[in-house]
Structure formats: structure tokens, C-alpha cells
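Novice: structure here, sequence nowhere to be found:
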């Protein structure tokens, strides 16, 4: 599968990130299993825990758009060492991932690595653990 | 100002909320000071703190869209008592609000009340408290 | 009621805050309706949304200690303008507050203001809005 | 190393969890590299994202107690399939972990598995990615 379109979209939306406190802009673009694309960038808050990461924004756009299953999500940021989703985002992705979901992390110099959700969040806690709901 | 378009958009996106754990779908639609509209709905996570509220999603869409100032945000949910943004969302709105920003909360039966950010989050902590950034 | 003991405890625990990203240490000390005292300070995360505020830490200590009702919570930080709990913390306090709960915000120069939860979070969303649970 | 004392403490504090919305109580107990023990349990909020997990509470207690390095953290919950920390907690642990930190997850029937932080959160984002701070 070709990720060029997702990568371009992620880089474009990264430019809109609101990251005055971390100075760490991130962009994300995902394609759903139906083929639709959604994007997001991080935005921060003076009350740090109230910010939302780029992946969280792209997922929010997907849900608002009426879709719930991620085929591929591409993330971009400006470091080359472990430019990967944080644990919170790995959990958010988990809720809407399948074993076939691809998470592709790009750093400053290009692609870093591609993961499955099980590689990013092994033995994950998830919806199966809340059976009553 | 007429909020009908925002209300309709908020009700429409509320239908897409992913709220299997709370059974409490929420929709939000905002207009920026430039006139653009963005929407969001809540999505939850089996790890509850990793969910994102509807207002947080609409703000994420706004930031991804290259805008940063909310003129009006409309929220809709299905109760009639205090169908207002949670404290976390009040703080998120705070970051992108001005004294003129209108927050209009709708419940099941119609409009509940309209607020300024200072009415929703009095004496608020915000960007002014982090001057070094 | 005399808040000197809570203030001293909040100032003491503020010194332990882990705030390398915001440089904004906060301390909190609360007394429950049974008379027990619990403290907390903020700790941050490189993934900013994963940090926890001081009030959130003091509430966590209270819950771990087997109590659930806040009589008074004192917060301390090092600015004088609106040294108040963020919206997220107002919401956390809301869950364990009564109309009689006192929230006392101290800044660099001393007490800023005392609030009820309804003053800090007017028309609040809360447990009453999730009746099925 | 013997984890019996941590396990007993985690089970004891789990009984104090405030989990009316998920009905999923969790307990955590950690020992720092200096030998001190701290505990935490989850507490939820009607505004779900404002809750704090058990691991987050134990870390908050550790920070409030003036310590910053986790030697071992034990978690306990009442399922047997993947009774592991959520991604948000893996990230919180990451901030205060070393390669030697042990994370030991217990389910309903006993120990599930022991992990290093690199096993739980491979290729992790962390403090090294925010060098300016």
C-alpha cells in the first residue's frame, strides 16, 4: 500500500499544530477501512493534561465522520529517535484498530518504522476487558 | 446571531458519537471568528481517561483547519439538567476563547443557557499563567 | 475553620512537584469530612496529556485512603493572578464535593480567594447526568 | 525479588477504588529504588476523561513523597485476559522508569506476566524527545 498521500496530509496538518508549550508539533493522517481519510494535529492547553495529541485529533475527525475502523495511520514529527505515538495515543488507536491496522511512524528524516497495534501496545487492555458494556 | 446552523450540525454529529461505556452521546459545533464551522462528537476508550469529549473534538478540527479563535460553540446532549461542558472542556475552550466567545448549551428540550467563558470558568487558569512559554 | 495546617502541607508537597516541562509546580492538601488530610503535587509527562495535576493527586490519595468527601481543599502555586484549579481539576473536585466544600486558592503572595464548587464550576455536569450508573 | 508485600498492598487499595461507571476496580503498589512503597487505585469522573488510573495514583503518591524512580510496580484487577496497564499508564510509568524497572500485572487468578517498560511500550516516546526542557 502506498502511504504517500497520508504522509503529505500529515505533514500539511502538522503545520497547524498548536504547541506553544512543548514546541513539539505533530501531524497524523489516517485512512479508514472504507477508504476515507481524516487528519489531526496536536493542540495543547496551559493546563497540560487537557491537550489532545495529533492521533487523538485524527481519530476524533474519523468518529465525527461516521467511521470507526482504522486501516492505516501515519504520524509525523521532527525528531528521528522514537518518533512514535505516546502510550495514550496507542490506547486510543487500540479502540479502533484491528490486527491488520498499520501504524506508520515518520521522523524528521523519513519513515522510522511500521507497527501493528499489538507491536505498539502488547497484551493490551481494551474493550474486551469491559464485557458488561 | 443565529445559531440554527450550528445547532443542526451539532445534532447531526452527535449521532456519530462513540459512547458505548457512558451511553451519553454529545455533539458540538463551533464557528470561528473567521466564519468557518467545525464539528466534533465524543469518543470513548475502554481506558476511560483516554476518551475525548465532543468539544475537544471540535476544537481539534478547528486547529487542524488552521484556525484558533472560537466565536460561538454550541453543545448538544440528551439531558435537560446542566447539559453543560465538563470542566476539562471548559479549560480546552478557554485556550481558544476571547471575552466575546459564546458557549451555548442545549439539552434534550432545547437551549439551556448561553455563557461567556468567564461565566463557565470563573477566575480561570490559562496561558497568562505560563508567561515563559 | 483554620487552614494553616492544610496550607503548610500544600506548600511542603509543592516542593516535590515534577514539572520539568511547565516549570509550574503546584501543591494541594485536602481535609475530608471525617477529618483526615491528604496531599498531592503535579507531575508531568513528556506526553503532556498524561500528566496529573496536584488536585488530582490529592484526590487520588484520598480515594486510596478510603475516603470520598472533601471538606476543604487548599491549592498553592507561584503566581498571583488566578492561581486557581484548572477546569479538569474543578471537574475532579466536583465528583467528591458537596455544596459545603471549600476550595481555597493561594498564590505567591497569600490567599487569592475561597470558592464553593458551584462558584468554580457553575451549572456543572456531574454524576447526576449519568443516572444509569 | 519477592512481590508479596506489593501484591497485598495493591489488593488492599483496590478495595477502595471509586469505579461507579466502569465497575472495573484496579489497584497498584510500587516500590521505589530507595525501597519506599506507594499505592493507588483508580477513581473515575462523570466526565470520563477526568478520571485517574490506579498506576497514575500510585505514581502521584510517589512524587508527592519525594521520589522519582520506580523499581517495581504491581497492578491488580479482576480479569484474567490482559490485565495490563492501559497505554496512558504505560506512558506515565515510562517517565519514571529505568530499563531495570519491573511491571508485574496480576489478574483475577494470579500473576499474568512481568514486563520491562520497553516490553510494554516499545520504541517509546519520552523525555529524550523533548530535549529543550
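Specialist: Perfect, thanks for sending it. A quick note: this is a predicted structure, and the numbers were derived from the prediction, not measured.
Novice: please identify the helix or strand for the residue sitting nearest the centre point of chain A.
Specialist: By CA atoms, centre = their mean, chain A has its centre lying nearest to residue A:55, at 2.9 Å. Using DSSP states H and E, residue A:55 falls within helix A:54-64.
Novice: and that helix with helix B:54-64, angle?
Specialist: With axes from the mean of the first three to the mean of the last three CA atoms, to 10 degrees as the basis, helix A:54-64 and helix B:54-64 are set at 110 degrees to each other.
Novice: tell me the first helix or strand C-terminal of helix A:54-64.
Specialist: Per DSSP H and E, the first helix or strand lying C-terminal to helix A:54-64 is strand A:70-76.
Novice: what's the helix or strand following that next one packed up against?
Specialist: Of the helices and strands lying after strand A:70-76 in sequence (DSSP H and E), the nearest is helix A:87-95. Here helix A:87-95 touches helix A:54-64, helix A:117-120, helix D:87-95, going by 3 or more CB pairs under 8 Å, 6 or more residues apart in numbering or on different chains; DSSP states H and E. For every residue, glycine as well, the C-beta is placed using N, CA and C.
Novice: mind putting the ones you listed into CSV with mean pLDDT?
Specialist: Output for the helices and strands packed on helix A:87-95, formatted as CSV (pLDDT from 0 to 100):
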stretch, mean pLDDT
helix A:54-64, 98
helix A:117-120, 98
helix D:87-95, 98
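Novice: to residue B:131, which of those helices lies closest?
Specialist: Proximity to residue B:131 (CB to CB) singles out helix D:87-95 among the helices and strands packed on helix A:87-95, at 25.0 Å.
Novice: quick one: contacts of that closest one?
Specialist: Here helix D:87-95 makes contact (CB atoms under 8 Å, 6 or more residues apart in numbering or on different chains) with A:86-92, A:94, A:121, A:124-125, B:47, B:49-50, C:18, C:43-47, C:50, C:52, D:53-56, D:59, D:70, D:73, D:85, D:101, D:103, D:117, D:120-121, D:124-127.
Novice: and these, which are buried?
Specialist: Among the contacts of helix D:87-95, those buried by neighbour count (16 or more other CB atoms under 10 Å in any protein chain shown) are A:86-92, A:94, A:121, A:124-125, B:47, B:49-50, C:18, C:43-47, C:50, C:52, D:53-56, D:59, D:70, D:73, D:85, D:101, D:103, D:117, D:120-121, D:124-126.
Novice: circling back: these two touch, right, the residue nearest to the centre of chain A and residue A:73?
Specialist: Yes. Assessed by CB atoms under 8 Å, residue A:55 is found in contact with residue A:73 at 6.6 Å.
Novice: output the set of residues of chain A in proximity to chain B.
Specialist: Residues of chain A lying near chain B by CB under 8 Å from any CB of the partner chain: A:13, A:16-18, A:20-21, A:39-41, A:43-47, A:50, A:52, A:56-57, A:59-61, A:63-66, A:68, A:88, A:91-92, A:94-95, A:125-130, A:133.
Novice: before we move on, the earlier item: tell me how far the nearest residue to the residue nearest to the centre of chain A once chain neighbours are set aside lies from residue D:78.
Specialist: The shortest distance from residue A:55 to any non-neighbouring residue, by CB to CB, 6 or more residues apart in numbering or on different chains, is to residue A:89 (3.9 Å). Separation of residue A:89 from residue D:78 (CB to CB, to the nearest Å): 27 Å.
Novice: wait, is residue A:13 part of a helix?
Specialist: Yes. Residue state for residue A:13 (DSSP: H, G, I helix; E, B strand; the rest coil) corresponds to a helix.
Novice: touching, it and residue A:30? I think so.
Specialist: No. The pair residue A:13 / residue A:30 is not scored as a contact, 11.2 Å apart, by CB under 8 Å.
Novice: shared neighbours, these two?
Specialist: In contact with both residue A:13 and residue A:30: residue A:39, using CB under 8 Å, 6+ apart.
Novice: within range of chain D, give me the residues from chain A.
Specialist: Contacts of chain A with chain D, taken as CB under 8 Å from any CB, map to A:22-24, A:79, A:81-92, A:94, A:105, A:112-113, A:115, A:119-126, A:128-130, A:132-133.
Novice: isn't there a helix covering residue A:49?
Specialist: Yes. According to three-state DSSP, residue A:49 belongs to a helix.
Novice: surely it and residue C:54 touch.
Specialist: No. Contact status for residue A:49 versus residue C:54: not in contact, 11.4 Å apart, counting by CB under 8 Å.
Novice: now for the two: what residues contact both?
Specialist: With CB under 8 Å, 6+ apart, residue A:49 and residue C:54 have no common neighbours.
Novice: anything in stretch A:29-49 near chain C?
Specialist: Yes. Judged by CB under 8 Å from any CB, stretch A:29-49 and chain C are in contact via A:44-49.
Novice: residues making contact with stretch A:109-119?
Specialist: Outside stretch A:109-119, the residues within contact range by CB under 8 Å, 6+ apart are A:80, A:82-84, A:90, A:93-94, A:97, A:99-106, A:124, D:122-123.
Novice: which of those residues count as buried?
Specialist: Neighbour-count burial within the contacts of stretch A:109-119 applies to A:82-84, A:90, A:93-94, A:97, A:101-106, A:124, D:122-123; the criterion is 16+ other CB under 10 Å.
Novice: low-confidence ranges in chain A?
Specialist: Applying pLDDT under 70 to chain A picks out residues A:1, A:132-133.
Novice: now do 90
Specialist: The model of chain A has pLDDT under 90 over residues A:1-2, A:130-133.
Novice: next, the contact list for residue A:101, please.
Specialist: A:69-73, A:93, A:116-117.
Novice: my bad, should have said residue A:81
Specialist: With contact set as CB under 8 Å, 6+ apart, residue A:81 has these partners: A:107, D:128-129.
Novice: so how do I select the buried members of those residues in PyMOL?
Specialist: A single PyMOL command is used to select the members of those judged buried by 16+ other CB under 10 Å:
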select buried, (chain A and resi 107) or (chain D and resi 129)
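Novice: just the closest of the contacts of residue A:81 to chain B, please.
Specialist: Nearest to chain B out of those is residue D:129 (CB to the nearest CB; 17.8 Å).
Novice: let me see the contact set for that closest one.
Specialist: Applying CB under 8 Å, 6+ apart to residue D:129 gives the contacts A:24, A:79, A:81-83, C:46.
Novice: not counting sequence-adjacent ones, nearest residue to residue A:47?
Specialist: Nearest residue to residue A:47 in three dimensions, chain neighbours excluded: residue C:86, at 3.4 Å (CB to CB, 6+ apart).
Novice: quick one: closest of the helices and strands packed on helix A:87-95 to residue D:4.
Specialist: Nearest to residue D:4 among those is helix D:87-95; the distance by CB to CB comes to 21.0 Å.
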